[in-house]
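>>> okay, structure incoming, though there's no sequence with it:
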């Protein structure tokens, strides 16, 4: 039996009519499991250590449920440019921000929508080897 929506019906109708991409719809989706179980699952994904398998030249992708930036999209591969050890600590945001003191130990190259190759810093705990390519590209 599907869960009853906790959103106000008018708000739900408005959101349903917006032209959202799949990643936005995922963010607005109703929870499908108990919140405590979901927290345990996501904590385990964040701390399971698969990011240690990432090396320059490999393709990486977000771990499910751990995307905290607009891009790359879930499932979109990103190229590991560099693993920074020790990671840089983000001091740009205030203590109330989810980015405050985020360990930025991964430089990833992504294809921007206009086709340019852009390189950004990310928290390596949120990424895993991309399913399609687990070996470095030469």
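That came in fine, so what should we check first? All values reported here derive from a predicted model rather than from experimental measurement.
>>> ok, now which ones touch residue 98?
Contacts for residue 98 (CB atoms under 8 Å, 6 or more residues apart in numbering) come out as residue 68. Backbone N, C-alpha and C define where each C-beta goes, glycine included.
>>> let me know the pLDDT of it.
Model confidence at residue 98, given as pLDDT, is 82.
>>> 54 is where my numbering starts, stick with that
Okay, residue one is now 54; in that scheme the one you just asked about reads as residue 151.
>>> chain center to the longest strand belonging to the chain, what's the gap?
Secondary structure assigned by DSSP state E gives strand 131-142 as the longest strand of the chain. Relative to its chain's centre, strand 131-142 lies at 15 Å (CA atoms, centre = their mean, to the nearest Å).
>>> do the same with stretch 140-160
Averaging C-alpha positions (CA atoms, centre = their mean) puts stretch 140-160 15 Å from its chain's average.
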